[in-house]
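Participant: model this:
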Amino acid sequence: MSDFKITGPGFYRTRDGKKAYVAGPAVGGWRFVGMGNEDNFYKELWDADGRRVTGAGTPEDLIAPWTEPKKGTVWVNVYEGHCHGHTTRVDADEGAGKTRLACIQVNWTEGEGL
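Facilitator: Purely as a prediction, here's the structure:
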């Protein structure tokens, strides 16, 4: 069992990694009303522990305060049968072997593609 508690209005992370907004307490003071993420707005009710009131144990349960995922870019030198990543295009070019087939820019967001 987690020690997580909704502390008040704000953004929270759902069990499936989405961003949810808790608007404030609902009738009775122990449930919270929230809207879904930016892509899919809907009303939802959670208890103070972040469990979805209808269907606890679902992907919509809240598990932590929201933190913006890290984002970045890497450059990948592609060779026959393998590849090698670099933090900048300059590093990729300087580290390129004679058999490099391509150099690809990859933009990444923490948690995506896992």
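Participant: downstream neighbour of the helix or strand bottoming out on mean pLDDT in the chain in the secondary structure list?
Facilitator: When each helix and strand of the chain is scored by mean pLDDT, DSSP states H and E, strand 31-35 comes last, with a mean of 63. Using DSSP states H and E, the helix or strand that follows strand 31-35 in sequence is strand 43-47.
Participant: so who does the residue nearest in space to the middle of the chain touch?
Facilitator: Nearest to the centroid of the C-alpha atoms of the chain, with distances taken as CA atoms, centre = their mean, sits G17, at 4.9 Å. Contacts for G17 (CB atoms under 8 Å, 6 or more residues apart in numbering) come out as G111. All C-beta spots, glycine's among them, are computed from the backbone N, C-alpha and C.
Participant: my guess is V22 meets G10, correct?
Facilitator: Yes: with contacts counted by CB atoms under 8 Å, V22 reaches G10, the gap being 6.1 Å.
Participant: Those two - which one has more neighbours?
Facilitator: Counted by other CB atoms under 10 Å, V22 and G10 do not tie: V22 has more neighbours, with 21 against 14.
Participant: Can you give me the pLDDT of that one?
Facilitator: We have a pLDDT of 86 for V22.
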